[in-house]
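Visitor: next one to model:
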Amino acid sequence: LYPQGFFCFALAFCGLILAACWRYTHSTEVEDSMMDVYDFVYEEVRRNTSGFRRHELTAIHEAFLCCGKPSPFGDTTNVEHEMCPPGQVHDEGQDCLREIQDFLKKHMDFVFSLLGIAIGFTVTVSVLSHF
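Guide: Numbering: from 1, shown residues only. Reported below is the predicted structural model:
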């Protein structure tokens, strides 16, 4: 019974270490992917009036409480005027790219903290299982 328990905790420890290493070495991949998805959906709505993409963009705006993205030319497109709730068009702090980045950074730090706690727990239990 004890060797099987130790083996299970050793496997959990290895999995947690792999997850922590992946998070440390690929910390920006998730963030970059989410921002690419937003850019893709935003540009699809801007070019086309597809109802499906409009629903996706609306869902993203509602989930992250943001609206639109900054334009290098300083003009707002029809996307912001049509897809954003009144009062949210280019309000300070409502840039979706920044909001998505802040949201993911905060939550990835939380996940990394949980990984650290879980690694500490598995080490403690593995050591105690020897006694």
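
Visitor: for the rest of this, base every contact and every neighbour count on C-alpha atoms.
Guide: OK.

Visitor: scan the chain for its longest helix.
Guide: The single longest helix within the chain, with elements called by DSSP state H, is helix 96-129.

Visitor: quick check: the residue nearest the centre of the chain vs Phe6, distance?
Guide: Taking C-alpha atoms, centre = their mean as the criterion, Leu104 is the residue nearest the geometric centre of the chain, at 3.6 Å. Distance, Leu104 to Phe6, by C-alpha to C-alpha, to the nearest Å: 35 Å.

Visitor: which of the helices or strands spans Ser33?
Guide: Using DSSP states H and E, Ser33 sits in helix 29-47.

Visitor: gap between that helix and the chain center?
Guide: Offset of helix 29-47 from its chain centre (C-alpha atoms, centre = their mean, to the nearest Å): 13 Å.

Visitor: follow-up on the earlier one: state the distance from the residue nearest to the centre of the chain to Ser126.
Guide: 32 Å.

Visitor: count of residues packed around the nearest residue to Phe6 once chain neighbours are set aside?
Guide: Nearest residue to Phe6, sequence neighbours excluded (C-alpha to C-alpha, 6 or more residues apart in numbering): Ser126, at 5.8 Å. Residues contacting Ser126 under the criterion other C-alpha atoms under 10 Å number 18.

Visitor: residues in contact with Ser126?
Guide: The neighbours of Ser126, taking C-alpha atoms under 8 Å, 6 or more residues apart in numbering as the test, are Phe6, Phe9, Ala10.

Visitor: quick one: mean pLDDT over the helix holding Ser33.
Guide: In this model, helix 29-47 has a mean pLDDT of 87.

Visitor: list the buried residues in that helix.
Guide: Glu31, Met34, Met35, Tyr38, Asp39, Val41, Tyr42, Val45, Arg46 (16 or more other C-alpha atoms under 10 Å).

Visitor: which one of those sits closest to Phe112?
Guide: Closest approach between the buried residues of helix 29-47 and Phe112, by C-alpha to C-alpha: Glu31, at 14.7 Å.
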